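1. Here is a sequence together with a model predicted from it:
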Amino acid sequence: MSRAWSRQAERGSAAVLATVLAGALMVVAALVAAAGSVVVAQRRVETAVDLGALAAAAAAQDGRAACPAAATVVRRNAARMTGCVSDGSVVTVHAARTTPRMFGMRFTARSTARAGPVGTQPALR
């Protein structure tokens, strides 16, 4: 009788376990998606600021204004320029990009790039 009673008591426990594991898997998937969103935003702002710095350096070598050229390229790459310093032919560009809202929070990815002719860039600190 005890054997029959234990089988009855355990009946349906696999469904409960499967439901709990499915819920845990969904939470982990949501956290991975949020982390992925932050990583993608960081890579995109790095790309935007690198291209902006290169465009600014090319504009400076052509005798045009460097920072407006950088701002155009950064904006076209879905980021916002937060700063630009033109020191002769060497240009330093700062940009940021905000992630979409996840779990009620937004993150801001920031990056800086410097570009100019070879041999003219000061040493990094």
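-> Thanks, I have it.
2. For stretch 63-75, which outside residues touch it?
-> Contacting residues not belonging to stretch 63-75 are listed as 48-49, 51-53, 55-60, 80-81, 84, 86, 91, 93, 95 [C-beta atoms under 8 Å, 6 or more residues apart in numbering]. No exception for glycine: its C-beta is placed from N, CA and C like everyone else's.
3. Give me the mean pLDDT for it.
-> Looking at stretch 63-75 alone, the average pLDDT works out to 94.
4. Go through the contacts of stretch 63-75 and flag which are in strands.
-> Using DSSP state E, the subset of the contacts of stretch 63-75 located in strands is 80-81, 84, 86, 91, 93, 95.
5. re the thing from before, pull out the buried members of the contacts of stretch 63-75.
-> 48-49, 51-53, 55-57, 59-60, 81, 84, 86, 91, 93, 95 (16 or more other C-beta atoms under 10 Å).
6. Just give me the least confident of the ones in strands among the contacts of stretch 63-75.
-> residue 86 (90).
7. Could you pull up the residues touching that one?
-> Residue 86 neighbours (C-beta under 8 Å, 6+ apart): 56, 60, 66-67.
8. Pull the most distant pair out of those.
-> 60 and 67 (9.3 Å; C-beta to C-beta).
9. Could you pull out the helices in this structure for me?
-> 2-10, 13-61, 66-76 (DSSP state H).
10. which of those helices is buried the deepest?
-> helix 66-76 (a mean of 21; mean count of other C-beta atoms under 10 Å).
11. Now do that helix and helix 13-61, the angle between them.
-> Calculated by axes from the mean of the first three to the mean of the last three C-alpha atoms, to 10 degrees, helix 66-76 forms an angle of 150 degrees with helix 13-61.
12. Distance of residue 57 relative to residue 88?
-> 10 Å (C-beta to C-beta, to the nearest Å).
13. ah, wrong one, I meant residue 14
-> Going from residue 14 to residue 88 by C-beta to C-beta gives 72 Å.
14. Repeat that for residue 68.
-> Look at residue 68 and residue 88: by C-beta to C-beta, they are 17 Å apart.
15. now swap in residue 101 and tell me
-> Counting by C-beta to C-beta, the gap from residue 101 to residue 88 is 41 Å.
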